[in-house]
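Asker: requesting a structural model of the entry that follows:
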Amino acid sequence: MTNITPTAISDEFEGRPVHIQYGGVKMDLPRLDDSAHLPTSVIIIGMAAVSRGWKNLTQEEKINFMAAILAYLTREYPLLEHELDHKSGDKIKDIGLIIDAWAVESKADPKA
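Answerer: Numbering: from 1, shown residues only. Below you'll find the predicted structure:
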């Protein structure tokens with residue numbers, strides 16, 4: 001059996017968050033290139049999307065990606081669901097705009 005020790009958590013890297021505001025909800029999200037602070041569920045879905053490229057994903061895969069991200073966002077920011085339900089004219093479009101802003105502010109390619 002191989003014993004693998006987790007990498008050390010370093011206090012020197014604070015993982016500068018990405019600041020996004022949607023309606024009245026202010027979100028401090030981990031950068032998409034910061035695996036120390038990203039939840040594993042976001043890493044998994046992100047790696048699946050990046051490995052094939054957004055344009056190569058099926059419609060179902062794109063929906064699964066957006067659903068996983070939305071689940072994370074609404075778990076971390078419960079008021080986001082209320083904002084989407086009461087202020088959005090097109091929830092899918094707005095979720096996409098949030099994801100795009102997250103990628104842009106992370107200095108990542110939003111279509112990667």
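
Asker: tell me the pLDDT at residue 18?
Answerer: Looking at residue 18, its pLDDT reads 92.

Asker: surely it touches residue 30?
Answerer: Yes: taking contacts as C-beta atoms under 8 Å, residue 18 lies within contact range of residue 30: 7.3 Å. For glycine as for every other residue, the C-beta is placed from the backbone atoms N, C-alpha and C.

Asker: where in the protein is the helix or strand with the lowest mean pLDDT?
Answerer: In the chain, the helix or strand scored least confidently by mean pLDDT, DSSP states H and E is helix 40-52, which has a mean of 91.

Asker: same for whichever helix or strand comes after it, what does it pack against?
Answerer: Next in sequence after helix 40-52, counting helices and strands by DSSP states H and E, comes helix 59-76. Judged by 3 or more C-beta pairs under 8 Å, 6 or more residues apart in numbering; DSSP states H and E, helix 59-76 is in contact with helix 40-52, helix 79-87, helix 91-105.

Asker: residues in contact with the most centrally placed residue in the chain?
Answerer: Centroid-nearest residue in the chain: residue 69, 5.1 Å away (criterion: C-alpha atoms, centre = their mean). Residue 69 makes contact with 42, 45, 95, 99, according to C-beta atoms under 8 Å, 6 or more residues apart in numbering.

Asker: any chance of the residues you listed in TSV, plus distance to residue 23 and neighbour count?
Answerer: Formatted as TSV, the contacts of residue 69 follow (distance: C-beta to C-beta, whole Å; neighbours: other C-beta atoms under 10 Å):
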residue	distance to residue 23	neighbour count
42	22	20
45	24	19
95	13	19
99	16	18
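
Asker: now do the least confident helix or strand of the chain: distance to the chain's middle.
Answerer: Here helix 40-52 is found 10 Å from its chain centre; the criterion is C-alpha atoms, centre = their mean, to the nearest Å.

Asker: sounds good, over and out.
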